[in-house]
Structures are given as C-alpha cells and as structure tokens.
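Peer 1: Predicted model, plus sequence, below.
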Amino acid sequence: MRTSVLAACLLTVPALAQERPTPKVAQSPAAQKLAQDYPPPRPRAAPPPPPEPAPLQQKPEKLTLSEAVRRAVLRNPNTLQAQAEITRAQGLLEEIRAPALPQLNAQGALTKLDGDRFSNGVLVAAQNQRSASVNLTVPILAPRNWVQWAQASQQVDIARFSFEDAKRVVAVATARAYLTVMAQHRLVEIDQQARIDAKAHLDDAHARFEVGSGNRLDEVRAAQELATDESQLAAALANVTRAMEALGVLVGADGPIEVEEELALPNPPAPSDALQEAETSRTDVRVGKERTEAARRVVRDAYADYLPLLSAVIEPFYQDPATSTVPHTGWTAQLVLTIPLFDGGARYGQEKQRRALYDEAKVALDNILRQARSDVRTAFDAVKRSDEGVYSARAAARLAHEALDMTNLAYREGATNDLEVVDAEQRARNADTASLVAEDSARQARIDLLSASGKFP
C-alpha cells in the first residue's frame with residue numbers, strides 16, 4: 001500500500017511543478033487524500049507594469065561640442081560673473097583715477113541775519129546775503145594718484161585674464177558633460193542589446209520546456225535575467241535624461257541638450273610643445289603672472305607715498321551785497337603744496353603689507369606653474385594608458401560576445417546548461433560596459449591634455 005502511494009506522489013508532483021496538462025489516471029484513495037491535504041501552490045501573479053513616464057514637453061535640442069562650448073561660455077553664470085568683474089574693475093579704475101584729474105565744483109548760499117552788521121559805520125555783513133562760487137582744482141604734481149591709476153589699470157587686465165580662465169573652466173566642464181551624455185547613450189545601447197540577448201534566451205528556454213527537453217528552472221532563470229536587464233535599461237534611460245539636463249544647465253538652456261553620435265577632438269601637441277604652451281598660454285598661468293607683476297609694481301611704487309602733492313585752485317565768486325572786504329565779483333587763485341612728514345608709521349606698515357602680498361603672489365605663481373607641468377605630464381600618461389585600456393577592453397568585449405554565441409549554440413544542442421548561458425550574458429554585458437568606460441576615459445583624458453596645454457577651448 002505504501003509503495004502505491006509513493007508512486008502516485010512521484011507521478012503527480014512533477015506534473016504539477018511543470019504546469020503541463022497530463023492525462024487523467026485512476027488514483028488510489030490515499031493519493032487523492034494526499035492531494036487534498038497538500039494542494040499545489042498557486043502561481044504568483046506577475047507584478048503590474050510600471051507606469052508610463054510623462055512625455056517630454058519638447059524635443060531636446062541637438063548641439064555639436066563646439067556649439068555647446070560656445071553657448072556655455074556666453075550663457076553660463078560663472079562666465080557672466082567673471083565678465084561682470086571686468087565692469088567692476090573698470091568702475092574702480094574710474095574711481096581711483098578721479099583724484100588725478102581736475103575737479104570742478106560750484107556752490108551757492110543764501111544767508112539771513114537778524115540785522116545788518118556795521119563796524120565804525122561801515123557795513124560789514126548785510127542782513128540778506130547771496131553768494132556763489134566755482135572751484136576748480138587742478139593737480140599739478142600728484143605722484144601717488146598717478147601710480148594708483150596705473151595699478152588700477154593693471155587690475156582691469158587681471159579681470160580680463162580671469163574672465164578667459166573662467167571660460168576655460170566652463171568649456172572643460174561642458175566638454176565633460178557632453179562626453180557623459182555620449183557615454184550614457186552608449187550604455188543604453190549596451191543594455192538594449194543585453195535585453196535582446198536575454199529575450200532570445202528566454203524564448204529558447206520556453207520552447208525547450210514546451211517540447212519537454214528543458215525544465216521550468218531554466219525558463220525562470222532566463223526570465224529573471226530579462227527582468228534584470230530591463231531594470232538596468234530603465235536606470236540607464238533615466239541617467240541619459242539626467243546627463244542631458246545637466247548639459248542643458250551648463251549651456252544655459254531651458255531644457256535637455258542632445259549630442260552628436262560622433263566626436264572629433266583636435267590632435268594633442270607634442271610633449272615638449274605642450275609643456276611650453278602650458279607655461280605661456282594657459283589662462284590660469286597668465287592670471288598668476290599678471291597678479292605677480294601687479295604686486296611687484298605696488299611694491300616698486302611705494303616711493304610715491306613719500307612725495308609731495310601740488311595742486312592749483314582757482315575760484316571765481318559772486319557776492320551780493322558787496323562788503324568792505326568782499327567785492328561784488330572777483331576771483332582767487334592758490335597753489336597748494338602738501339608735504340607728508342609724519343603719519344604715525346602708516347606708510348611703513350603699508351610697505352610691509354605690499355611686500356608680503358608680493359611674496360604670496362610669487363609662491364602662488366610657482367605653484368600654478370608646477371601644477372600646470374604636472375597636469376601635462378599626467379594627461380599624457382593618462383592618454384597613453386587609456387588608449388591601451390581601450391584596446392584591451394574592446395578585445396575583451398569581442399571575446400565575451402564570441403563566448404556568448406558559442407554558449408548559446410551549445411545550449412541549443414544540449415551540450416551545456418542554463419547557468420552557463422546566464423553567466424555568458426552577464427560577462428558580455430560587463431565587458432561592453434568596461435569597453436564603454438575605457439572609451440569614455442580616453443576621451444576625457446584627451447580633453448584634460450588639451451586643457452592642460454592651453455589648447456582647449
């Protein structure tokens with residue numbers, strides 16, 4: 001009796017597990033009771049599909065790299081702020097220049113006293129007085145104002161160089177964002193191909209199961225791999241949108257920016273030329289040199305603080321009514337000489353401060369030059385290593401796909417199992433991703449090399 005019950009269970013359970021219709025056969029009472037006590041598990045309901053994303057309001061604008069860089073330089077807030085700094089420096093120049101130029105002022109007054117003022121019977125001050133004058137002050141010798149004028153002019157040049165350096169930083173950031181969008185598009189293509197491979201594997205596993213040469217486990221594994229690929233594809237599509245929006249923010253657009261599929265970067269210079277260009281053409285180096293020169297000039301021009309100031313003052317006037325000391329109309333002229341003798345040590349303190357700022361500027365310039373040379377050497381090595389990595393990664397991807405094709409063929413012939421196919425699919429996808437990362441690193445390295453040698457943008 002126990003033997004017949006066990007045989008009935010072995011015949012019933014695999015049929016239920018494989019979900020295949022079986023012919024009805026006579027079962028013993030014990031087998032029927034066992035089936036009632038332990039019914040087969042109900043199949044799990046498939047999860048609901050994700051909601052469709054809201055469609056984009058507008059089609060993304062497509063730009064080339066040069067167009068994106070040009071627009072970012074014109075619209076990015078960092079470059080606009082740097083450009084505003086030029087205007088501010090020009091305003092400071094005009095403010096500092098003013099004391100070195102002639103000054104013309106006019107003034108008038110109405111005065112009412114409680115009564116006329118007399119001295120020995122002579123009217124000294126009338127009860128109602130009206131006066132007006134024009135004051136013209138002309139600096140004849142103003143060395144301190146002149147050197148400050150020249151120093152302010154150099155600050156305008158520094159602001160212009162800083163604007164060029166801000167453009168370089170924005171251009172490099174835009175190029176990196178542009179390459180990121182390209183890489184994300186390529187990752188979407190990789191995930192799409194992986195989904196296609198997984199779908200083909202699932203169809204093959206289902207067909208084998210239907211004809212009885214496969215099993216349900218292989219089909220479930222293939223379906224799981226397909227679901228994983230679809231999840232990764234959805235994440236890649238989201239990353240594409242995120243990268244396009246980031247590029248749009250950089251270029252000052254009100255929406256995402258699409259990129260070209262191909263990108264041609266200029267050829268990098270030779271190592272010796274790159275080092276020379278880095279020390280002469282890089283905008284940050286030029287800013288550092290200009291700031292150091294400006295600090296040196298300030299130290300050199302400290303002598304002007306000890307020189308006298310000579311000004312001519314001419315003042316025509318009008319007085320009504322005239323008095324015994326002030327005629328009805330007239331003018332005065334003066335030569336005013338100011339000699340600084342003692343100011344409590346302020347000039348000596350300023351001189352120490354200026355020398356310290358000059359020393360700081362020289363240290364900063366040395367560090368900028370050292371960093372520029374290091375950037376060039378690092379960029380050249382990165383380009384070399386990344387090119388080698390691209391070659392190896394592409395070879396690995398090609399071999400991974402070849403192994404995937406061989407594994408699929410062996411699986412169809414029954415020479416291997418489903419785990420080998422799933423592993424081959426994962427290895428192929430990982431190899432494609434590694435190839436993509438290597439290619440993106442190579443492009444990024446070239447951007448870094450061009451920027452380090454002062455050739456970009």
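Peer 2: Right, received. Where do you want to start?
Peer 1: where does the chain dip in pLDDT?
Peer 2: Residue ranges of the chain with pLDDT under 70: 1-58.
Peer 1: at 80 instead, please
Peer 2: 1-58, 119-124, 208, 213-214, 261-264, 323-325, 414, 418 (pLDDT under 80).
Peer 1: top helix in it by residue count?
Peer 2: For the chain, the longest helix by residue count, based on DSSP state H, is helix 143-211.
Peer 1: Tell me which other helices or strands the helix or strand just after that helix touches.
Peer 2: Per DSSP states H and E, the first helix or strand lying C-terminal to helix 143-211 is helix 216-250. The elements that helix 216-250 packs onto, with contact taken as 3 or more Cβ pairs under 8 Å, 6 or more residues apart in numbering; DSSP states H and E, are helix 65-75, helix 143-211, strand 257-259, helix 418-452. Just so you know, the C-beta spots here come from the backbone N, C-alpha and C atoms, and that holds for glycine as well.
Peer 1: thinking again about what came up before, what angle separates the longest helix of the chain from helix 65-75?
Peer 2: 130 degrees (axes from the mean of the first three to the mean of the last three Cα atoms, to 10 degrees).
Peer 1: tilt between helix 143-211 and helix 418-452?
Peer 2: 160 degrees.
Peer 1: Including distance to residue 126 and mean neighbour count, could the helices and strands packed on helix 216-250 go into CSV?
Peer 2: Formatted as CSV, the helices and strands packed on helix 216-250 follow (distance: least, Cβ to Cβ, whole Å; neighbours: other Cβ atoms under 10 Å):
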stretch, distance to residue 126, mean neighbour count
helix 65-75, 66, 19
helix 143-211, 41, 19
strand 257-259, 78, 22
helix 418-452, 77, 20
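Peer 1: Count residues in the vicinity of the spatially closest residue to residue 116 that is not a sequence neighbour, would you?
Peer 2: Counting by Cβ to Cβ, 6 or more residues apart in numbering, residue 116 lies nearest to residue 127, which is 5.1 Å off, once chain neighbours are set aside. By other Cβ atoms under 10 Å, 13 other residues sit near residue 127.
Peer 1: chain center to stretch 383-402, what's the gap?
Peer 2: How far stretch 383-402 lies from its chain's middle: 29 Å, per Cα atoms, centre = their mean, to the nearest Å.
Peer 1: So residue 253: helix, strand or coil?
Peer 2: Of the three states, residue 253 takes coil under DSSP: H, G, I helix; E, B strand; the rest coil.
Peer 1: Next, the contact list for residue 450, please.
Peer 2: 265, 266, 268, 456 (Cβ atoms under 8 Å, 6 or more residues apart in numbering).
Peer 1: Same question for residue 408.
Peer 2: 200, 201, 204, 421, 424.
Peer 1: one step back: okay, angle between the longest helix of the chain and helix 216-250 too, please.
Peer 2: 160 degrees.
Peer 1: Switch the contacts of residue 450 over to a markdown table; also include secondary structure and distance to residue 121.
Peer 2: Putting those into a markdown table (DSSP: H, G, I helix; E, B strand; the rest coil; distance: Cβ to Cβ, whole Å) gives the following:
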| residue | secondary structure | distance to residue 121 |
| --- | --- | --- |
| 265 | coil | 98 |
| 266 | coil | 96 |
| 268 | coil | 98 |
| 456 | coil | 90 |
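Peer 1: Could you work out the most separated pair of those residues?
Peer 2: Using Cβ to Cβ, the pair of the contacts of residue 450 lying farthest apart is 268 and 456, separated by 9.8 Å.
Peer 1: Among the contacts of residue 408, which one lies nearest to residue 74?
Peer 2: Using Cβ to Cβ, those come closest to residue 74 at residue 200, 48.7 Å.
Peer 1: quick one: the closest residue to the closest one other than its chain neighbours and residue 217, what's the gap?
Peer 2: Of all residues not flanking residue 200 in the chain, residue 408 sits nearest, at 7.7 Å (Cβ to Cβ, 6+ apart). Distance, residue 408 to residue 217, by Cβ to Cβ, to the nearest Å: 18 Å.
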